[in-house]
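> return a 3D structure for these sequence lines:
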Amino acid sequence: MPKLNVLIAGSTGYIGIQLIKLLINHKYINIKYLCGNSSVGKKISNYDKSLTKKKLPKIVKFSKNLLKNIDVIFTALPNGEAQDISKHLTKNITLIDLAADFRLENSSDYLKWYKQNHRSKNLIKKSIYSLPEINDKNLKNYQIISCPGCYPTSILLPLAPLIKNKLIKVNNIIIDSKSGYSGAGRAVHKKYKNKNLYESLSAYGIGFHRHNPEIHQMLRKFTRKKINFNFTPHLTPMFRGILSTIYVDLETNVTQLKVFNKLSQFYKKDSFVKILKPDSLISTNDVINTNNCFISVCKTKYKNKIIILSAIDNLIKGGAGQAVQNLNIKFNFPLKTAL
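Next comes the predicted model:
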């Protein structure tokens, strides 16, 4: 099988670097171009020494002229830039975006939450939001694949099956998520320069984090009831990983065991979602450097409530790994290739 030629735009960020590390081990992929702006002319090993001995192209500035022999574009860019690149797609190119440019179905929601007009409104309907374990069935029919955000990945994987099967109430879901600082990108070091980033825990985006509409958009597909949830993210003094603690009320006659059994059944054929024994204590260390999501269903002192723990690596399952997973599904490669 001939290899697909790939262009990675935004190759020097944390997600871009992680994507390169996965794709260099993908036997069906040839990394043809690495693109950047301030890094043009540099070697990617300047940003990660582990890539020093790898045969990779020097970084160039993106141009539509580079697309002549490209099969797949990965974009790990600031919000808005993938919209501009999408205008240059030919029918034979697939765009896999790791930012938020095509996550929201309505351009008005994008303007509300990202404070900028969507520049490729006509392509939104030609894109698909793909959390592989939940909605990958029609993936092959789309040219633009939007990968979920890191927090929503950790939240939607446990909640979607439970809401779909009417096991939990949807009027008061509490979501407390903690992430490694890599989730905020390389600029985090400047932004938190005076906040003791490496020794403190910081709440941010309280009530209005940009991942709120994405979570709501996906969950409402599984219920006709009005969904109310509070989501609070935190930045922690670790480099990578997400642990989401989700507090939910059970529907009548639903037990912890029933929730555990439903999640186990729902994901029994999935390679990367692991439902642990009830009341298992999990940490980000369990999933670091993997494309796995570990989920634990825990009892509380109240019979009508449970606590769900969900852990992922934000750079892999919450980012580059999920993008490669979508790539493998789209092109009929074995699912675990490079993962």
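> buried residues in stretch 170-182?
Of all the residues in stretch 170-182, those buried under the rule 16 or more other Cβ atoms under 10 Å are Val170, Ile173, Ile175, Asp176, Ser177, Lys178, Ser179, Gly180, Tyr181, Ser182. (C-beta placed from N, C-alpha, C; glycine too.)
> in this structure the third one contacts Phe231, no?
Yes: the pair Ile175 and Phe231 qualifies as a contact (Cβ atoms under 8 Å) at a distance of 4.4 Å.
> which of the buried residues of stretch 170-182 fall within helices?
Among the buried residues of stretch 170-182, no member falls in helices (DSSP state H).
> could I get those residues in TSV, plus columns for distance to Lys64?
Putting the buried residues of stretch 170-182 into TSV (distance: Cβ to Cβ, whole Å) gives the following:
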residue	distance to Lys64
Val170	45
Ile173	44
Ile175	40
Asp176	44
Ser177	38
Lys178	40
Ser179	35
Gly180	35
Tyr181	34
Ser182	31
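> closest one of those to Lys21?
Among the buried residues of stretch 170-182, Ser182 lies closest to Lys21 (Cβ to Cβ), at 13.4 Å.
> hang on, the earlier thing: anything in contact with each of Ile175 and Phe231?
Ile155, Ile215 (Cβ atoms under 8 Å, 6 or more residues apart in numbering).
> show me what contacts the closest residue to Lys277 other than its chain neighbours?
Distances taken as Cβ to Cβ, 6 or more residues apart in numbering put Ser296 closest to Lys277, at 7.8 Å, once the chain neighbours are dropped. Contacts here follow Cβ under 8 Å, 6+ apart; on that basis Ser296 touches Ile275, Leu276, Lys277, Pro278, Asp279, Ser280, Leu281, Ile282, Ile308, Leu309, Ser310.
> switch those over to JSON lines; also include pLDDT.
Conversion of those to JSON lines gives the following (pLDDT from 0 to 100):
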{"residue": "Ile275", "pLDDT": "98"}
{"residue": "Leu276", "pLDDT": "98"}
{"residue": "Lys277", "pLDDT": "98"}
{"residue": "Pro278", "pLDDT": "98"}
{"residue": "Asp279", "pLDDT": "98"}
{"residue": "Ser280", "pLDDT": "98"}
{"residue": "Leu281", "pLDDT": "97"}
{"residue": "Ile282", "pLDDT": "96"}
{"residue": "Ile308", "pLDDT": "98"}
{"residue": "Leu309", "pLDDT": "98"}
{"residue": "Ser310", "pLDDT": "98"}
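> what about stretch 190-207, start to end distance?
From its first residue to its last, stretch 190-207 covers 24 Å (Cα to Cα, to the nearest Å).
> please identify the buried residues of that stretch?
Neighbour count says stretch 190-207 has Tyr192, Leu197 buried, by 16+ other Cβ under 10 Å.
> what of stretch 116-130?
Buried positions in stretch 116-130, judged by neighbour count with 16+ other Cβ under 10 Å: His118, Arg119, Ser120, Leu123, Ile124, Ser127, Ile128, Tyr129, Ser130.
> quick check on the fifth one: phi, psi?
Looking back up the chat, that one is Ile124. Ile124 adopts backbone torsions of phi -60, psi -40, taken as degrees, to the nearest 10.
> please tell me how far it sits from Cys150.
Using Cβ to Cβ, to the nearest Å, we find Ile124 at a distance of 22 Å from Cys150.
> Lys42: what's it in contact with?
Gly36, Lys58, Ile59.
> rerun that using 10 Å as the cut-off
Going by Cβ atoms under 10 Å, 6 or more residues apart in numbering, Lys42 touches Thr12, Leu34, Gly36, Lys58, Ile59.
> ok, and the closest non-adjacent residue to the second one?
In other words, Leu34. Distances taken as Cβ to Cβ, 6+ apart place Ser11 nearest to Leu34, at 4.0 Å, with adjacent residues excluded.
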